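S.K.: Need coordinates for the below:
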Amino acid sequence: MTEAIVISAVSARVAPEAELSAAPARRRIFLLSPANASGIRARVILGDRVRTELAKRIRGEGAPLGDIFSFISGLYFRGKLIYSRAYANPPNGVAGVFVITAAGGLVSPDRIFTLDELRAIAAGNVCEKEAAYRLPLERDGRALCECLGDGCDAVLLGSVATPKYVEPLLGIFGQRLLFPAEFVGRGEMSRGGLLLRCARENVELKYVPVAGSVRSGARPAKLPKPKGAKAAAAK
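M.R.: As a prediction, this is how the structure comes out:
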C-alpha cells in the first residue's frame, strides 16, 4: 500500500495553546495497531452471513478501513483513530495516520475496502517472524521514513510490550519511534478510554522513545470518571 504514503489522508488539529507558542510544533504521524480479525465481531464482517449494514457495504461499494476496524475492535481502535486524527501533524503531502495490517503493510484508515480486499490484508499472523506480515510493513515503513525527513516522529499506538510491532519498526525509525508513556501497564480498554478522553478534553499525551524505555509495568489506577459524569448520571 505504498501509494498511500504520500497522500494526505487527515487534517491535523492544533491545540489552542500550541498556536500561541513561538516554537514550531514538531511534526508527528501516528501508526495504529490493527483490529483482531479473528474475533467474534470480525466474523460478523468477514463471515458468510450478512448481519449488519457495515457488512452489506463491504460486500457492495466498500467501506473505510477505519470504520471497519472500529466496528471490529470497538473502544480501543476507535480511541486510537479519533486521538491520532486530532493530534497528527505530518509534513506537507504526507498522511498523518496509518494502520498496520496483517498482510498489507501500512494503510490509510480512509482507504475503501471491499470484502475480498479486506480478507487479503487481514489474512495473516501479526508476528515479527512472519514474512507475509513483516515484509510489507518494512517496505512501507522505509518509504514513509524517507518522506518524513528528520524533523518528524512516528508515534506507535499499539502494544509496545511485545516485539510484533516494535521489532520491525524500530529498525526503520530508530529514536523517532515513540509511544505514549501512559500506555505502560494499561490494557486495551483502558488505553482506548484514555485516548478518547484526551481527544475530547484537548489534552495530548506525553510521548517517549520506544528504544531504551521501560515498556511494561504495574497496572496504573483506573481512570477517574469524566468531568460532569456524576451530574449527568443524577439527571
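
S.K.: Can you pull the phi/psi pair for the closest residue to Pro90 other than its chain neighbours?
M.R.: Of all residues not flanking Pro90 in the chain, Gly96 sits nearest, at 4.1 Å (C-beta to C-beta, 6 or more residues apart in numbering). Bear in mind the C-beta positions are built from the backbone N, C-alpha and C, glycine included. Per-residue torsions, Gly96: phi -100, psi -20 (degrees, to the nearest 10).

S.K.: what residues are up against Val208?
M.R.: 178-179, 181 (C-beta atoms under 8 Å, 6 or more residues apart in numbering).

S.K.: Switch those over to CSV; also include neighbour count.
M.R.: Formatted as CSV, those follow (neighbours: other C-beta atoms under 10 Å):
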residue, neighbour count
Leu178, 22
Phe179, 24
Ala181, 13
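
S.K.: in this protein, which ranges drop under the pLDDT threshold?
M.R.: Applying pLDDT under 70 to the chain flags the ranges 1-24, 213-235.

S.K.: Would you map the helices across it?
M.R.: 16-19, 40-46, 53-58, 65-73, 75-87, 115-122, 131-148, 163-173, 188-201, 229-234 (DSSP state H).

S.K.: Can you list the helices and strands that the second one packs against?
M.R.: Contact analysis of helix 40-46 by 3 or more C-beta pairs under 8 Å, 6 or more residues apart in numbering; DSSP states H and E lists helix 53-58, helix 65-73, helix 115-122 as its packing neighbours.

S.K.: Return the most buried member of those helices.
M.R.: Compared across these, helix 65-73 shows the largest average neighbour count, a mean of 24 (mean count of other C-beta atoms under 10 Å).

S.K.: What is that one packed up against?
M.R.: Counting by 3+ C-beta pairs under 8 Å, 6+ apart, helix 65-73 packs on helix 40-46, helix 53-58, helix 75-87, strand 97-100, strand 112-113.

S.K.: Verify the stated contact: Arg142 with Phe173.
M.R.: No - using C-beta atoms under 8 Å, Arg142 is not in contact with Phe173; the gap is 9.7 Å.

S.K.: And the residue nearest to the spatial centre of the chain, how close does it get to Gly96?
M.R.: Nearest to the mean C-alpha position of the chain, counting by C-alpha atoms, centre = their mean, stands Leu32 at 1.9 Å. To Gly96, Leu32 is 11 Å away according to C-beta to C-beta, to the nearest Å.

S.K.: between these two, what contacts are shared?
M.R.: The contact sets of Leu32 and Gly96 overlap at Ser84 (C-beta under 8 Å, 6+ apart).
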